[in-house]
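Enquirer: Any chance you could fold what I've pasted below:
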Amino acid sequence: MTKVVFETAALADAFKRANIVAPSHGKAFDEAGGIVLEISPEDGLVLVRATNKDVFHTEWVTPISIEGEATSWRLASQLATPIITSLPIGSGKEVTLQEVQSGASSRLEMKAGKTRAKFFLMDMTYYPEWDIFDPNDLVAVPDLGGKLAMVEWAAGLKELPPLSGVNLDGERLRATDRYKMVTVPLEIPNLDRSVTIPAGMLGQLLRQTGDVSIGFTEYQVLLMPTDSSQVRLVTYAGDYPTMARLMNRERPNHVTVKKAELLAIVNRATLASPGDRLPLMHLYIGKQSISAKVDGPETAVLDFLDIPGQAEHERVDIKVTPKLLTDILNNAPNEKVTINYDANEPEKIIYIDGGSGFEAWMVARRADQ
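Expert: Below is the predicted model:
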């Protein structure tokens, strides 16, 4: 039976990344649950695979040693990942996985120092298969992972495609759920059409800095986050909404503030309603100040930020969802942001310029929402 010895840190890192993709519930879990290890003694490699049927992740790990024949092990990700990733790591730390026969079935035994564990192997019969692609067909794009992380949170993750995805058109990335939209510039020279890919995990899976190589087939986007990992992404059918009305940048009023200072007053005001996921916040702008107020069931919190020389008009009440505003501010790359609004029509869509090409639009709330 096959036996593989790994450096503990290398196997733990591979499981962390694969677990991001491995499904935990639903139809994808029934069809493609678990993490698969493909053992190749001839190549001296182990391929770690995971998929949720939209994202297909492969990473190859070079083990310390392999004994036995080529085989594949499929492990329950929710059980194996927390055990393997909790093992002590450091110089000389090793973990051994060995397949053993247990009656009519096989199981996998793990040894790492004084730690022992046993995993029952899942059936490989219907697990999806996908090929390794040629990296020579890809083009390196700077900061692709970081840019995706800036926008993918704004996608409607519970919506049907394409609103549950991030749109790439070769010049910009966009994500929206029709109540908010975020966009950042990203030039992809080998993309000559608009494509929409799944959102929700790419920012975690890809490197946040440096180049990520990208390529395209008719129905998939191909990514290489590192020299030892590949990701296939399905592309969603249907046209991505243009959201032209939402993306209007013209507003008669604007204020520029340090985002950390604005975040501070918004977060403090939100403490008035700790049990409410979507409290109503009054953002009062005018008379050279911004204030944030939330009325909770037992208390209310009002906090001020002075902005000398700005917003000299009478105070207007712009009603917002605090989490939406803080998500935009937290993802804006620059120290300062500019909030564009209409003091005469405070219920109009708010446009926020976060600097470095990061732009966001959000729909203001009504008092009865």
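Enquirer: what's the next secondary structure element after the least confident helix or strand in the chain by mean pLDDT?
Expert: One helix or strand of the chain scores below all others by mean pLDDT, DSSP states H and E: helix 202-205, with a mean of 87. Where DSSP states H and E defines the elements, the next helix or strand beyond helix 202-205 is strand 211-216.
Enquirer: could I get that next one in CSV with only the CA atoms?
Expert: Provided in CSV are the C-alpha atoms of strand 211-216 (Å, rounded to 0.1, in the frame of the first residue of the first chain):
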residue,chain,number,x,y,z
ASP,A,211,1.9,38.7,-11.0
VAL,A,212,-0.7,36.1,-11.6
SER,A,213,-0.7,34.4,-15.0
ILE,A,214,-4.0,34.3,-16.9
GLY,A,215,-5.4,32.7,-20.1
PHE,A,216,-8.7,32.0,-21.7
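Enquirer: can you give me how far it is from the chain middle?
Expert: Strand 211-216 sits 17 Å away from the centroid of its parent chain (Cα atoms, centre = their mean, to the nearest Å).
Enquirer: Likewise for stretch 326-338?
Expert: That offset, for stretch 326-338, works out to 17 Å (Cα atoms, centre = their mean).
Enquirer: With stretch 211-221 instead?
Expert: In terms of Cα atoms, centre = their mean, the centre of stretch 211-221 is set 18 Å apart from its chain centre.
Enquirer: now swap in stretch 8-15 and tell me
Expert: Worked out by Cα atoms, centre = their mean, stretch 8-15 lies 20 Å from the chain centre.
Enquirer: Going by neighbour count, list what's buried in it.
Expert: Judged by neighbour count using 16 or more other Cβ atoms under 10 Å, the buried positions of stretch 8-15 are Thr8, Ala9, Ala10, Leu11, Ala12, Asp13, Ala14, Phe15. Quick note: C-beta positions are derived from backbone N, CA and C, even for glycine.
Enquirer: cool, stretch 207-223 as well?
Expert: Using 16+ other Cβ under 10 Å as the test for burial, stretch 207-223 gives Val212, Ser213, Ile214, Gly215, Phe216, Gln220, Val221, Leu222, Leu223.
Enquirer: Quote the end-to-end distance of it.
Expert: 11 Å (Cα to Cα, to the nearest Å).
Enquirer: Out of the buried residues of stretch 8-15, which is nearest to Asp276?
Expert: Phe15 (36.6 Å; Cβ to Cβ).
Enquirer: what's in contact with the strand or helix carrying that closest one?
Expert: Secondary structure assigned from DSSP H and E places Phe15 in helix 8-21. For helix 8-21, the surrounding residues in contact (Cβ atoms under 8 Å, 6 or more residues apart in numbering) are 35, 48-52, 55-57, 59, 61-63, 77, 80-81, 84-85, 87-90, 93-95, 112, 201, 204-205, 229.
Enquirer: what do you get if the cut-off is 6 Å, keeping everything else the same?
Expert: Helix 8-21 is contacted by residues 35, 48, 50, 52, 55, 57, 59, 61, 77, 81, 84-85, 87, 89, 93, 95, 201, 204-205 when judged by Cβ atoms under 6 Å, 6 or more residues apart in numbering.
Enquirer: Show me what secondary structure element comes after it.
Expert: Once helix 8-21 ends, the next helix or strand along the chain (criterion: DSSP H and E) is helix 26-32.
Enquirer: Could you pull out the buried residues of that next one?
Expert: Across helix 26-32, burial judged by 16+ other Cβ under 10 Å covers Ala28, Phe29, Ala32.
Enquirer: quick check: mean pLDDT across that helix?
Expert: Confidence over helix 26-32 (mean pLDDT, whole number) is 89.
Enquirer: ok, the buried residues of helix 26-32 vs Asn253, which is closest?
Expert: Distances from Asn253 to the buried residues of helix 26-32, taken by Cβ to Cβ, are shortest for Ala28, at 46.2 Å.
Enquirer: For Glu69, see how far away the closest one is.
Expert: As for Ala28, its distance to Glu69 is 30 Å (criterion: Cβ to Cβ, to the nearest Å).
Enquirer: Likewise for Ala104?
Expert: For Ala104, the distance to Glu69 (Cβ to Cβ) stands at 19 Å.
Enquirer: Just want to know which of those two has more residues nearby.
Expert: Higher neighbour count among Ala104 and Glu69: Glu69, with 11 against 5, using other Cβ atoms under 10 Å.
Enquirer: Need phi/psi at the more buried one.
Expert: Phi and psi for Glu69, reported as degrees, to the nearest 10, are phi -100, psi 160.
Enquirer: For it, give me its contacts.
Expert: Glu69 makes contact with Thr2, according to Cβ under 6 Å, 6+ apart.
Enquirer: gap between it and Pro274?
Expert: Look at Glu69 and Pro274: by Cβ to Cβ, they are 57 Å apart.
Enquirer: And for Ala300?
Expert: Distance of Ala300 to Pro274, computed by Cβ to Cβ: 13 Å.
Enquirer: Stretch 313-330: end-to-end distance?
Expert: End to end - Cα to Cα - stretch 313-330 spans 28 Å.
Enquirer: tell me which residues in it are buried?
Expert: Val316, Ile318, Lys319, Val320, Thr321, Pro322, Leu324, Leu325, Thr326, Asp327, Ile328, Leu329.
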